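Engineer: Curious how this folds, go ahead:
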Amino acid sequence: MKALMDTARRTKIVATLGPATDEPGVLLEMVRAGLDVARINFSHGSRESQRKRVEAVRAAAREAGRYVGLLADLAGPKIRIESFRDGPVQLVEGAPFALDTALDPQAGSITEVGCAYQNLPADVHGGDVLLLNDGQIVLNVEKVQGTRIQCTVRVGGELSNRKGVNRQGGGISAPALTEKDFDDIKLSAELGIDYLAVSFARDADDIRRAQAELRRWRGDAKVVAKIERHEALDNLPAILSATDAVMVARGDLGVEMGYAELTGLQKTIIRQSLASNRVVITATQMMESMINNPIPTRAEVSDVANAVLDGTDAVMLSAETAAGKYPVRAVQAMVEVIQGAEKYRLGAVQNRVRPDEEFVNTEEAIARAVMYTANHMRLRAVVALTESGLTPLLMSRIRSDMPIYAFTRHEATRRRVTLYRGVYAVPFDIASDQPQSLYPAIFERLLELGLVQTGDQVILTKGELSGVSGGTNSLQILQVSKR
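Structural biologist: Residues are numbered from 1 along each chain as shown. Predicted coordinates for the structure are as follows:
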């Protein structure tokens with residue numbers, strides 16, 4: 001496949017698949033528009049539909065001549081109320097309302113409703129605040145008696161079947177991984193998924209548990225910790241040490257922590273993730289108005305642009321593409337906003353290395369040296385010969401306008417780097433590590449793809465032994481020439 005890439009855009013785009021993207025031709029147009037990573041949401045759809053979507057993504061990527069990664073998002077322990085006997089109810093401020101885990105699941109009324117999570121009465125106490133339907137309904141907990149949580153409505157509104165429940169400030173003890181999640185991890189391994197997102201992760205152990213289960217089924221996906229619980233913020237340094245990537249999941253995070261703190265939390269998570277050499281995705285309601293409208297609001301444009309300026313690796317579309325009227329246009333709008341925002345950080349450099357900080361390994365030392373050089377010389381590109389994609393990842397942690405080309409023979413690595421900011425996959429199989437044949441082959445590929453011109457200077461990183469993962473130990477500045 002001849003790789004086609006948009007090197008004018010550094011921040012990547014994740015888009016969720018669903019009924020809207022199942023329509024003929026839509027997915028191909030999304031890929032052509034700029035989709036980098038397709039998200040499979042295991043909270044919805046059958047196993048067969050998920051398989052078909054994975055196949056459709058790969059077929060669309062081949063036809064479009066682009067590399068597209070796949071991210072599987074586990075459902076996790078979504079805590080929900082049960083159903084109402086006569087349809088939605090209108091809760092009124094000051095009225096009593098109860099959640100009862102022993103109530104018939106279909107017997108909800110204006111005064112009470114069942115709850116699917118049986119341990120909720122043990123997790124809450126008098127004085128707590130419960131938030132229903134993404135925080136639209138607010139309940140003050142008065143007392144807990146056995147299976148029944150007696151509340152008073154603080155903020156009312158319409159409440160319908162199966163809406164989510166959060167405890168303000170966190171503290172729900174439900175484990176991050178459910179039995180369904182374990183089944184979906186196995187399926188993800190079978191499908192060769194590139195990234196696996198763990199919903200409602202609380203600590204590093206949740207991440208390690210998912211990694212172990214994935215390896216059990218011989219899956220090699222990288223794990224993404226979704227930061228959406230109060231506990232995850234408390235344990236963020238440990239989570240970052242265990243995970244490969246994080247997602248700022250602003251929906252439930254905003255509900256648990258309060259929306260007023262959300263912007264500051266987003267910036268903090270992005271900054272700490274980049275400093276820990278982790279990939280970071282910013283998600284939820286980024287262009288939600290485009291579910292029904294062909295253009296985003298000015299506030300949504302600002303929201304996406306701010307995430308880009310914060311240095312996020314990727315921004316994510318959810319219902320906008322999964323169920324919206326304009327899935328292709330949503331991707332196009334995201335591309336336009338990203339490119340508009342990135343114009344305002346040209347030449348900016350963020351060096352996060354403290355004077356007393358030691359590099360973790362040789363690859364990090366090389367990566368830092370490369371990007372420092374790239375930001376202080378007239379160069380056209382950085383070329384990294386890579387097996388696993390580690391060196392390009394480390395390079396991409398430093399803000400720069402220099403494109404980083406990951407030359408690799410591995411299909412899995414080419415899909416994985418689609419999530420790294422400013423990194424672009426190039427298929428390349430090292431036939432020889434001798435300069436007299438290696439350098440002309442690299443130049444030929446760059447020229448063939450139109451990425452450089454004869455006479456341009458590039459930085460090349462490689463290992464002393466070709467084909468060895470984690471062996472990058474040198475950088476060279478080369479002038480592009482024809483054979």
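
Engineer: Pretty sure Tyr424 sits against Thr7.
Structural biologist: Yes: using Cβ atoms under 8 Å as the test, Tyr424 is close enough to Thr7 to be in contact (6.1 Å). (C-beta placed from N, C-alpha, C; glycine too.)

Engineer: which of those two has more neighbours?
Structural biologist: Higher neighbour count among Tyr424 and Thr7: Tyr424, with 24 against 15, using other Cβ atoms under 10 Å.

Engineer: and the more buried one, what are its bridge partners?
Structural biologist: Judged by DSSP bridges, the bridge partners of Tyr424 are Tyr405.

Engineer: where's the nearest residue to Gln476 once chain neighbours are set aside, which helix or strand?
Structural biologist: In space, and not counting its chain neighbours, Gln476 is closest to Leu460: 4.9 Å by Cβ to Cβ, 6 or more residues apart in numbering. Assigned by DSSP states H and E, Leu460 belongs to strand 457-463.

Engineer: Quick check: mean pLDDT of that strand?
Structural biologist: Confidence for strand 457-463, expressed as mean pLDDT, is 91.

Engineer: distance between that strand and the chain's centre?
Structural biologist: For strand 457-463, the gap between its own C-alpha mean and the chain's C-alpha mean amounts to 29 Å (Cα atoms, centre = their mean, to the nearest Å).

Engineer: which helices and strands does it pack with?
Structural biologist: The contact analysis (3 or more Cβ pairs under 8 Å, 6 or more residues apart in numbering; DSSP states H and E) places strand 457-463 against helix 362-374, strand 381-385, helix 435-448, strand 472-479.

Engineer: any idea which of the ones you listed is most buried?
Structural biologist: Comparing the helices and strands packed on strand 457-463 by mean neighbour count (mean count of other Cβ atoms under 10 Å), strand 381-385 comes out on top with a mean of 26.

Engineer: mind listing what that strand pairs with, with the direction of each?
Structural biologist: strand 404-408 (parallel), strand 457-463 (parallel).

Engineer: list the buried ones in the longest one?
Structural biologist: If I follow you right, that is strand 457-463. Within strand 457-463, the residues scored as buried using 16 or more other Cβ atoms under 10 Å are 458-463.

Engineer: what angle do it and helix 435-448 make?
Structural biologist: Put simply, strand 457-463 runs at 130 degrees to helix 435-448, going by axes from the mean of the first three to the mean of the last three Cα atoms, to 10 degrees.

Engineer: what's stretch 327-347 in contact with?
Structural biologist: For stretch 327-347, contacts defined as Cβ atoms under 8 Å, 6 or more residues apart in numbering pick out 6, 8-11, 13, 15, 20-21, 26, 29-30, 33-35, 286-287, 290, 294-296, 301, 304-306, 308-309, 315, 317, 320-321, 324, 375, 399, 401.

Engineer: and what of stretch 304-312?
Structural biologist: Stretch 304-312 is contacted by residues 11, 248, 263, 266-267, 270-271, 274, 280-282, 286-287, 296, 315, 334, 337-338, 340-342, 344-345, 350, 399, 421 when judged by Cβ under 8 Å, 6+ apart.

Engineer: Mark which of the residues you listed are buried, thanks.
Structural biologist: The neighbour count (16+ other Cβ under 10 Å) marks 11, 248, 266-267, 270, 274, 280-282, 286-287, 296, 315, 334, 337-338, 341-342, 345, 399, 421 as buried among the contacts of stretch 304-312.

Engineer: Looking at the residues you listed, which are in strands?
Structural biologist: Of the buried ones among the contacts of stretch 304-312, the ones assigned to strands by DSSP state E are 248, 280-282, 315.

Engineer: Drop anything exposed from the contacts of stretch 327-347.
Structural biologist: For these, a burial check counting by 16+ other Cβ under 10 Å picks out 9-11, 13, 15, 20-21, 26, 29-30, 33-35, 286-287, 290, 296, 301, 304-305, 308, 315, 317, 320-321, 324, 375, 399.

Engineer: who's in contact with Arg53?
Structural biologist: Arg53 makes contacts with 17, 21-22, 38, 40, 45, as judged by Cβ under 8 Å, 6+ apart.
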